[in-house]
Structure formats: C-alpha cells, structure tokens
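In: pasting the sequence and the predicted model now:
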Amino acid sequence: MNKIWLLGAAMCMILAFGSCKPKQSAYKAAYEQAKERESAAPVEVFEDEFEDEFEDDFEIAPVSKPRTDIEEESDYDDFNVTTRQERINPYQGESTANLRRYSVVIGSFRNNTNAYSLRDRMQRDGYTAMVAQNEMGMLRVIVSSFDSKRDALYSRDAFRSKYYPNFQDAWILERYY
C-alpha cells in the first residue's frame, strides 16, 4: 500500500513540475508576432500645421554636455556665483602652501579613509589634491586652490567637464581666516 502511495506522489510531482517548464517555442512565437506587428504598423509622420506661421518666433537650443572651454574670460566677470565661506585648515600632514583663498571642493566626508581615498585617486590623475578640515570636523577634498574667484570657477568647470557625468556637484569654497 505504501508503494502505491509513493508511486502516486512521485507521478504527481513529475506532472506538476514538468508542466510548469516554459517552452522555448512559445517565447519564439510571441517574439515573431511582436516583430510582425512592429513591421506592419504604419509610421506616422506629423506635419506641423503652424510651422510657417510661427517659424521665426522660436529658437531651438541644442542639448549638450557642459562647455569644456571658455571663449572669453569675461564670461566669469559678470557671473555671480555664490561660494561657501568656511574657516578651513589643512588636515593632518597636508601642506598649507597649496591652500589659497578660493578652492574647488569635490568631496566632503566625516570619515578620513574616504577622504584620503578620493584625494589619492585625484593625485594619481595629476591633480595637487589635498584634504582640509573645517570647524565642524568635515573633511573637504580639494583638487585645486586659487587666489582669484575667476580661476577657481574656470577650474571647477573644466573639472566637471573632464569627469562628466561624475562630480557635477563640485563647488567653490572661499576660505576666511
């Protein structure tokens, strides 16, 4: 009697699991039907009825990556960019010679391991990166530092363009004493 129950249970299991297996031909048939519908669907081209009437009223602006070069330096003369002002000092073992009034900050950390990791990466890429600490204990990873705001803005934009789409949140830090 037990053998019959065991055999019946085994047959049920085989039927249950065997029937749930997807068949490759079903997927292939569905794919072919979708391709037929796609190729058979007419492509509609919409003509703008008002194109001639409003042709000169609108200008289409192209979408592109951030500008990598500056045509005129005067672009930054009138450009009023807000900077964050902080009292910062070089972090343990960093040189004060590279820290100027305006700095390009690419990362802010509480953990010194993360800050040093990013600094080392930027130094391998050729930057004179350094780590500075503010009064609140935040570690700022600085890739470049300048005496003029215009130079710092130019450097920040060049850095953003080079590492696009990463580091788009790079910002200018104005050091005060």
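Out: The structure has been received and is ready for your questions.
In: just the helices in this protein please.
Out: 2-19, 24-40, 51-54, 112-124, 149-162 (DSSP state H).
In: model confidence over the first one, on average?
Out: By that I understand helix 2-19. For helix 2-19, the mean per-residue pLDDT is 76.
In: ditto for the shortest one
Out: Confidence for helix 51-54, expressed as mean pLDDT, is 52.
In: please shift the residue numbers so they start at 39 in all later answers.
Out: Done: numbering now begins at 39, and the last item shifts to helix 89-92.
In: least confident secondary structure element in this protein?
Out: Within the chain, no helix or strand scores below helix 89-92, which has a mean of 52 by mean pLDDT, DSSP states H and E.
In: rewinding a little: could you save the helices of the chain as TSV and add columns showing distance to residue 124?
Out: Using the backbone N, CA and C atoms, a C-beta is placed for each residue, glycine as well. Below are the helices of the chain laid out as TSV (distance: least, Cβ to Cβ, whole Å):
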stretch	distance to residue 124
helix 40-57	65
helix 62-78	57
helix 89-92	50
helix 150-162	15
helix 187-200	14
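In: right, so of those helices, which gets closest to residue 138?
Out: helix 187-200 (8.6 Å; Cβ to Cβ).
In: in that closest one, what counts as buried?
Out: Applying a neighbour-count criterion of 16 or more other Cβ atoms under 10 Å, one finds 187-198 buried in helix 187-200.
In: thought residue 197 was touching residue 181?
Out: Yes. Assessed by Cβ atoms under 8 Å, residue 197 is found in contact with residue 181 at 6.2 Å.
In: now do the contacts for residue 193.
Out: 142, 181-182, 184 (Cβ atoms under 8 Å, 6 or more residues apart in numbering).
In: quick one: it from residue 178, how far?
Out: Residue 193 sits 15 Å away from residue 178, taking Cβ to Cβ, to the nearest Å as the criterion.
In: so, low pLDDT: which residues of this structure?
Out: 55-64, 76-117 (pLDDT under 70).
In: please repeat the previous calculation with a cut-off of 90.
Out: 39-138, 150, 166, 203-205, 213-215 (pLDDT under 90).
In: picking up where we left off before, just say which of the helices of the chain is most tucked in.
Out: Across these, averaging neighbours per residue (mean count of other Cβ atoms under 10 Å) puts helix 187-200 on top, at a mean of 19.
In: next, the angle helix 150-162 makes with that one.
Out: Taking axes from the mean of the first three to the mean of the last three Cα atoms, to 10 degrees, one finds that helix 187-200 is oriented at 90 degrees with respect to helix 150-162.
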